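J.: Below are the sequence and a predicted model for it; my questions follow.
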Amino acid sequence: MDFNDTKEEAQFRKKCKDWLESNAKYKAETTPQNDDFANKNKIEEAKSWQKKKYDAGWAMLHWPKEYGGIGASSMERIIWANEESKFDVPKGIFEIGLGMCGPVIMEYASEEQKERYLPPMAEGKEIWCQLFSEPSAGSDVAGLRSKAVQNGDKWIVNGQKVWTSGAHFADFGILVVRHDPNIEKHKGMTFFFVDMKSPGIEVKPIKQITGGSSFNEVYFTDVEIPDSQRLGEIGDGWKVAITTLMNERLAVGDADGADVEDAFRWAKRQDNLGEPLLNNQAARESIADWYCEKSGLKNTKLRTMSALSRGDTPGPEASITKIVSAGKLQDIGNFGIDSLDMAGMLRTDNQNVKGFQNAWLGAPGLRIAGGTDEILRNIIAERVLGLPQDPRADKGVAFKDIPSGKN
Amino acid sequence: MNLDFSDDQKFLQDEARKFLTKEQALLRNRTVLEKNNKVDKDLWEKIVALGWTGIRIPEEYNGLDLGHLELCVIAEELGRFLAPVPFSSSVYLFTEAIINYADDEIKSHFLPKLVSGEIIGTIAVTEDLKAPSENNILVTENNGIINGKKIAVPDAEISTHSIVVCKCESGISLQLVDLSSPGVTIEQQETIDDSRGHFLINFENVKSNLIGDKGNGWKSYETLINQAAVFFSYEQIGGSQATLDMAINYAKERYAFGRPIGSYQAIKHKLADMYIALTLAKSNCYYAAWALSTNSSDFPSASATARVSATKAYQLCSQENIQTHGGNGFTWEYDCHMFYRRSKLLSLNIGSLSNWREKLVTSLEQSNIN
């Protein structure tokens, strides 16, 4: 066991660090998370940071050179992400495009399309979104109903997508739709990419419980998509969608926001019935448990990196990250607010309190987005532990005959 | 970056697993439990013959001169098979105490015999129905003579020697006692897991030798158990993995309402939670093992983190394994209860969950999170 970088890794880390230090500022102790990307300035800020990285070769390290990357190893990519995360730089806007849309374009688009779309994506000039979920297709995303009908060398799309991050500022989107409801559910889908400025596309932001709007409803009314923008064969939509989902960020991110260190620092300073909150036994036990979870995730990541560093495929350990960190975020939010007693209800300028309140309000979303706690447990049980699937009512039946209930 | 065991260490672990499988260690544990044998001497002798008792002992004393990490992989396997042997008492605690605190004369007498199995050791600390602490130790030491009573001492009957935590004029001291000395009486105590014998020892004017600094014994004891916590945690994750595996297998084979119970989400989610707890604990154990083997400055928090998460994981896995087995899990015949018992026993040996949580937060207070 050895926690030190290899000589090459250390050199690469230094390179990352040097560049970041001369181009960005380190994060302050507490940065309350803000999920409102509707703000134009924020988008511009994010675009200019992405451009800066692109120009210096840091934008898409693992992509091939011809599309704007440097063909870096997974390990180098992790080192970069690790160093960048220490700096106060805009994030979140490009994750879906670069993490999910990029790989699918890379795998399924024509050479000409790759050259046209990938570099501007890497540069942050064009933003991409992912149009998968629908009002009646959440955890069961293959239950989607948006319709595509072929008409010569075009497809006409009608329907509605929902929970589309960044659709309101995206230039392009990847889209999976149903081309045939008369055949089996998973066989009746086809995959496209679409210009978000196409006539017939209407984007309506969803106001979240946080008050912010990072997601949208996207309505399609007779939207024309050229057949050349089909990714994969007709009927391969689900297969392509799965590839996309598999390409989700290598190291699934921890939930951003208040963490055990914030709770610990706060408990040291916060008065509780005349004593520091940290003297309270219940507070101490909670902090101990969160610290164990946080360290457990961190060390799990180190084990994953060890496997990568040796050139092995990481095990399934990383699948636990979101379940553990989103739940912890909610608990810490509750803890911080509760520590103020009645005053915990008040919105204040205190950055710590804001951090706890944002954690509390944001955590329910994190426990749902990108796979609910329940779906992730199913995935662990079936794919990691090898337990059998539930019997299903949607296999071997034409899609139109599957019971649908309330949307 | 390499948070993993070396190929040699993995080989050692593999060999240990093969050995314990071949020796039917789990069945031996049941026999000890049912026959009130307190220990499996035959298995212990075989373990001694493999050299595991000398893993950490330097070559000059006939040991294998390997590191803490080798001990961790062995501990994981002993935990997986519930091996009913005095390994934790004699190796994690007694041997480490001799290596850390004894003078050269004691070392050259004890270490080769610990390797050969002529000496088996344990440690005696608890005295009453409460957690022992620096301020409540009543067994006294005066001019090397000790008096008083210790309870819940693991493996005392098979042990030749014990380290006894004593109150002396200047504080606490660790005293080395030959358990065959006049004035020592040993009595078995019934426990919640009788596959591992625990005993009451009475000391009446018993001769002893000081090891470590006089008056400073509590600090030495704490250092010792912080270190042992890593090995205990490895036993705990070995046991957690065994119970998770049992639960998975049963959930695949047992049918209810026409399908395997493992196809129900109530069972899937339970097993997923066991997997999550185990994965967190395992990763924390890896880090603690590294911190121990490199004497890292964050070792106290690393070992407490491993210990807390391993205790929680084993508790969850062993109890939910019974639940997954339904009525069968509650029978004496199925092995589930042996793991349930051992998980509780291991969570109490070297201190309870709540006291380890407290240690963890105390170590955070002493670190630089401001």
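T.: Right, received. Where do you want to start?
J.: From now on I want contacts and neighbour counts done on CA atoms only, so please keep to that.
T.: Noted.
J.: Helix, strand or coil: sort out residue A:160 for me.
T.: strand (DSSP: H, G, I helix; E, B strand; the rest coil).
J.: burial measure for it, as a count.
T.: 24 (other CA atoms under 10 Å in any protein chain shown).
J.: give the contact list for it.
T.: Counting by CA atoms under 8 Å, 6 or more residues apart in numbering or on different chains, residue A:160 makes contact with A:134, A:135, A:146, A:217, A:218, A:219, A:220.
J.: Could you pick out the buried ones from those?
T.: A:134, A:135, A:146, A:217, A:218, A:219, A:220 (16 or more other CA atoms under 10 Å in any protein chain shown).
J.: can I assume residue B:142 is in contact with residue B:171?
T.: No. Between residue B:142 and residue B:171 there is no contact under CA atoms under 8 Å: 11.7 Å.
J.: now the helix or strand where residue A:149 lies: how far from the chain's centre is it?
T.: Secondary structure from DSSP states H and E places residue A:149 in strand A:147-151. In terms of CA atoms, centre = their mean, to the nearest Å, the centre of strand A:147-151 is set 30 Å apart from its chain centre.
J.: Next: stretch A:93-103.
T.: Using CA atoms, centre = their mean, the mean C-alpha position of stretch A:93-103 is found 9 Å from that of the whole chain.
J.: State the pLDDT value of residue 189.
T.: No chain specified, so I'll use chain A. Confidence at residue A:189, expressed as pLDDT, is 98.
J.: my bad, chain B
T.: Looking at residue B:189, its pLDDT stands at 98.
J.: number of nearby residues for it?
T.: 14.
J.: repeat for residue A:404
T.: A count of neighbours around residue A:404, defined by other CA under 10 Å, yields 11.
J.: give me the number of residues near residue 128?
T.: Chain wasn't specified; assuming chain A. A count of nearby residues for residue A:128, using other CA under 10 Å, gives 29.
J.: my bad, chain B
T.: Quick note: residue B:128 (other CA under 10 Å) scores 14 neighbours.
J.: Which stretches in chain B count as strands?
T.: Along chain B, counting by DSSP state E, strands occupy B:121-124, B:140-142, B:145-154, B:161-168, B:171-178, B:184-189, B:198-207, B:209-211, B:255-256, B:259-260.
J.: From residue A:126, how far out is the closest residue to residue A:91 other than its chain neighbours?
T.: Sequence neighbours aside, residue A:46 is the residue nearest to residue A:91 in space, at 6.8 Å (criterion: CA to CA, 6 or more residues apart in numbering or on different chains). Distance, residue A:46 to residue A:126, by CA to CA, to the nearest Å: 12 Å.
J.: And residue B:299, by the same measure?
T.: Using CA to CA, residue B:299 is found at 48 Å from residue A:126.
J.: The two: which has the busier surroundings?
T.: Taking neighbours as other CA under 10 Å, residue B:299 and residue A:126 compare with residue B:299 leading, 21 against 18.
J.: The longest helix seen in chain B to strand B:161-168, inter-axis angle?
T.: If you go by DSSP state H, chain B has its longest helix at helix B:217-253. If you take axes from the mean of the first three to the mean of the last three CA atoms, to 10 degrees, helix B:217-253 sits at 130 degrees to strand B:161-168.
J.: gap between helix B:217-253 and the chain center?
T.: Offset of helix B:217-253 from its chain centre (CA atoms, centre = their mean): 8 Å.
J.: Which parts of the chain are helices?
T.: Since no chain was named, I'll use chain A. A:7-23, A:40-56, A:74-84, A:95-96, A:102-108, A:111-123, A:237-246, A:260-269, A:281-309, A:321-338, A:351-366, A:373-379.
J.: My question was about chain B, not that one.
T.: According to DSSP H, the helices that chain B contains are B:7-22, B:25-35, B:41-50, B:68-80, B:87, B:96-101, B:104-116, B:217-253, B:265-293, B:299-325, B:336-348, B:353-366.
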